[in-house]
Structure formats: C-alpha cells, structure tokens
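[1] next come a sequence and a model predicted from it.
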Amino acid sequence: MILLANATDVLGGVTAWTHQMARLFGAHGHRVQVVGIHEAELKLILPEPPAYPVTALYPAHPPTPWRPRSPLGHFDLLARRRESARVAAKRRAVAHLSEIFRAAGPGALVIVTQVWPMEWVLEADTTGLRLIGMSHESYEYSKRCHRFRWIKNSYPHVDRWLTLTQEDADAWIAEGFDNVGAMPNALGSLPELPSPRTEKTVASIGRLDDQKGIDLLLESWASVAGARPDWRLRIYGAGQDEVALKEQCTALGLDGSVDWMGRTDDVAGALAECSVFVQSSRGEGFPLALMEAMASGVPCAAFDCAPGVREIVSDGEDGLLAPPGDTDALADRLLRLTGNPRLRDTLGDRARANVQRYSQTEILRRWHELFDLLDR
C-alpha cells in the first residue's frame, strides 16, 4: 500500500492524517510506504519515527511549468533552459514513482491523498495497481479554485474517488462521476481526561494562512474582547500570513488579549488549557483539529464552511456554528460560550461522547470494507 501526498513532512492536517493512517494500516498487517511529491520547508514533527519507508520525489517544491506570455517570450533562452530542466526533473520523478509502484507489486493499493500528486500518477506506470483518489477539502471549496478542473480531468480514471462526506460525494455524482464514495477522517485519540474547562481561554489551532481565516477570527474577537476582558485568545500555528495577522491584531487594539503561541506539537496539552475552541476557516474538509477539541471535551464555535464541519458538529447540541464568514455571528457564538459555564460543560460533554463515532476502529472497518469491494 502506498499513500501519496503533496509532501510527507509539511505542517498541516493532511500530512498528520497521512501518517496516522500509515501507522494504522501498518498495525493491521498492511505493508505501507508514504511518498510525497517534495520535501517541505515548514515541517511537521511526527510523534514518533515512522516504521515505514518515507520518500520524496523532489528535495523542494518543483517549479511550475513555464509558458511565454508573448511571442517574444519564445526567445527567452534562460527561461527555456529552466523549463527544459523542469521537464527533465519531472521525467526523473515520474520514473522514480514508477519504480516504487512496480516494487509494490500487482494488486497494490495507491491512495492519492490530495489532488495535485495525481499529475505524476497519471504519467507513471500504474499497471496492475488499484488507484484511490482523495480530496481533503469540500466540493464547494474545490469548485472555487483550479483543483476543480484537475478533479474533473483526472479522477474519472481512478478505481474509487473518495470525498470526506456523503454530501460532497453526492455533489460530485451530480457532476457526472460514477466512482465516488465517502470516507471521513479518523479521530486521532481520545484523551484519558477531558479539559477541566476552568481556564478563561479560547484556543485556535491551525496554519496562519488565508484558508484558516485567522483574520476573520481577529475581527470577531474585536467584538468579544471588550465584553470579556478576563478572557484570552490563544492562537496556535505558523504560516506565511503571520506578520500581516500580527499587524492586524495590533491595529484592532487586541494585543492585550491575544497570545501568539506559535506552532505546537502538543495539541492535547493546548486543548487541556482552554475552555472554548474556535475554528474560523474559509474552507475545510473534515477538520482534525475540530475533532481533537471535541475529544478533549472542549465546546467549539466554528464557521459552517463545509459539509465536514456540520457533519462533525451538530449545531446547538455539541457545539455552535455560524454562517461562513459572518464575523458578527462567530462573535455571538463566542460570547455565548465564554459567558455561560453550564453551556460550556453541556456542549463539551456531548462533544466528547459524539465524536467517538469517528474512532480509529470504526474508520478502519470502513476502509477494509472498501478494500474488499475493490478486490471483487
């Protein structure tokens, strides 16, 4: 079995999921290898050294294809040499991937965990392999970007095309796909003890980039901080927007109530020290951080930005959802949670119980059902 991702070591939820599933599959008798297109700069620190081979096809992110922007561009010899080098490097990467596929043997499973790597897969020798393509974002989020076209062109050719929710699968079926199924992410673990929910702290955990919407969170927090002067917002994460977000925080006058915690490899510890979790993403798939917060018994306020979010959180039962991008509504949910300890305890306890339907045992059972189906 080969799990193929954008990168095997980049900081992010898909990488964590990839290694989580590699460990689970390996523990249940599968011979596993993890392959990434490239090595990453902002690296994820794994909880333990991998017990399976990990390979990157490139030492860094490969350059994008070059196309001249005008007729005169055809005479740019330096650009043409760079493009020739890019094509040669890709040819070598595809050959390396073909070698990995052949070594896996006939009947091996290749799970392409993200859309971009399919570009290399479709050029490689996949004779005798079974291909499972995945996307870790919602149908609507894909539709708003270039990956929609990639999926439309590439995913009809795979044996199974997996989304994270049945709602997303139905949307792709309506696009004409007949090979679609749904497979949610698995909960990483259930902490022995839930958060005591005694600290007056709201936590956000995620990359500091546009998708995660930390700028929207700061706008919401500007409406919360004045009403809750004894509460603090802790933002865990790193990313390309860090400088701009800290400048925004200062401009909103929030430096006295916001703590920039940097990246953390102790998510459970961070959640144990907070009483509310907030997720402000513009788009999501099936967010692991949200599941981890619920497993820790921490009530969540989140934008209802994807089917995966509303499948994990039942609004008003085990968390509170706000319309996507509505910063006033998100502020309202945060005010309700920070102002009512009984509500926090009720929602937190229900969240810890309800999220266990995504246990590793249950999700592994669903994967093995899929493998049995593909073997027929």
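    Done, it's in. Residues are numbered from 1 along each chain as shown.

[2] may I see the buried residues of stretch 196-203?
    197, 199, 201-203 (16 or more other C-beta atoms under 10 Å). Where you see a C-beta, it was placed from the backbone N, CA and C, and this is true even at glycine.

[3] next helix or strand past the lengthiest helix in the chain?
    Longest among the helix segments of the chain by residue count, using DSSP state H, is helix 77-104. Sequence-wise, the next helix or strand downstream of helix 77-104 (DSSP states H and E) is strand 109-112.

[4] counting by contacts, list what that following strand packs against.
    strand 2-7, helix 118-121, strand 130-134 (3 or more C-beta pairs under 8 Å, 6 or more residues apart in numbering; DSSP states H and E).

[5] give me the contact list for the very next helix or strand once past the longest one.
    Next along the chain after strand 2-7, taking DSSP H and E as the criterion, comes helix 13-27. The contact list for helix 13-27 (C-beta atoms under 8 Å, 6 or more residues apart in numbering) reads 1, 3, 5-9, 32, 34, 44, 46, 50-52, 111, 113-114, 136, 185-186, 188, 285, 287-289, 360, 364, 367.

[6] hmm, try it at 7 Å
    1, 3, 5, 7-9, 32, 34, 44, 46, 50-52, 113-114, 136, 185-186, 188, 287-289, 360, 364 (C-beta atoms under 7 Å, 6 or more residues apart in numbering).

[7] deepest-packed of the helices and strands packed on strand 109-112, please.
    Comparing those by mean neighbour count (mean count of other C-beta atoms under 10 Å), strand 2-7 ranks first with a mean of 25.

[8] relative to helix 77-104, how tilted is the helix or strand Val34 falls within?
    Element membership for Val34 (DSSP H and E) is strand 33-38. Inter-element angle recorded for strand 33-38 and helix 77-104: 180 degrees (by axes from the mean of the first three to the mean of the last three C-alpha atoms, to 10 degrees).

[9] figure out how far the next helix or strand after strand 33-38 is from the centre of its chain.
    The helix or strand immediately downstream of strand 33-38 is strand 54-58, counting by DSSP H and E. Distance, stretch centre to chain centre, for strand 54-58: 20 Å (C-alpha atoms, centre = their mean, to the nearest Å).

[10] kindly report the same for stretch 120-140.
    With C-alpha atoms, centre = their mean, you get 17 Å for stretch 120-140.

[11] what's the span of that stretch, first residue to last?
    25 Å (C-alpha to C-alpha, to the nearest Å).

[12] just to revisit the earlier point, partners of the strand holding Val34 in the sheet?
    strand 2-7 (parallel), strand 54-58 (parallel) (DSSP bridges).

[13] can I get the CA coordinates of it in CSV?
    Taking Å, rounded to 0.1, in the frame of the first residue of the first chain, the C-alpha atoms of strand 33-38 are listed here in CSV:
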residue,chain,number,x,y,z
GLN,A,33,5.0,3.3,2.2
VAL,A,34,4.5,7.0,2.2
VAL,A,35,5.5,9.1,-0.8
GLY,A,36,5.5,12.9,-1.2
ILE,A,37,6.0,14.9,-4.3
HIS,A,38,8.5,17.1,-2.4
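
[14] quick one: which of the buried residues of stretch 196-203 sit in strands?
    Mapping these onto strands (DSSP state E) picks out 201-203.

[15] let me know the closest of these to Leu254.
    Val202 (12.3 Å; C-beta to C-beta).

[16] before we move on, back to that, mean pLDDT for the helices and strands packed on strand 109-112 - can I get that in TSV?
    Formatted as TSV, these follow (pLDDT from 0 to 100):
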stretch	mean pLDDT
strand 2-7	96
helix 118-121	95
strand 130-134	96
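
[17] of the strands paired with strand 33-38, which is nearest Gly325?
    strand 2-7 (26.0 Å).

[18] identify all contacting residues around the closest one.
    Residues contacting strand 2-7 (C-beta under 7 Å, 6+ apart): 14-15, 18, 21-22, 32-40, 100, 104, 108, 110-114, 116-117, 121.

[19] where do the helices sit along the protein?
    Counting by DSSP H, the helices of the chain are 13-27, 77-104, 118-121, 139-143, 147-154, 166-174, 214-224, 242-251, 267-272, 288-295, 307-312, 327-338, 341-354, 360-375.

[20] show me the protein divided up by domain.
    2-186+359-375, 201-357 (automatic domain parsing).

[21] which residues touch Gly206?
    Counted by C-beta under 7 Å, 6+ apart, Gly206 has contacts 212, 237, 289.

[22] per-residue pLDDT of Pro73, please?
    Quick fix: residue 73 is Gly, not Pro. Gly73 carries a pLDDT score of 66 in this model.

[23] quick one on the thing from earlier: turn the buried residues of stretch 196-203 into CSV, including distance to Gly226 and pLDDT.
    CSV is the format used below for those (distance: C-beta to C-beta, whole Å; pLDDT from 0 to 100):
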residue, distance to Gly226, pLDDT
Arg197, 23, 96
Glu199, 20, 96
Thr201, 17, 98
Val202, 15, 98
Ala203, 20, 98
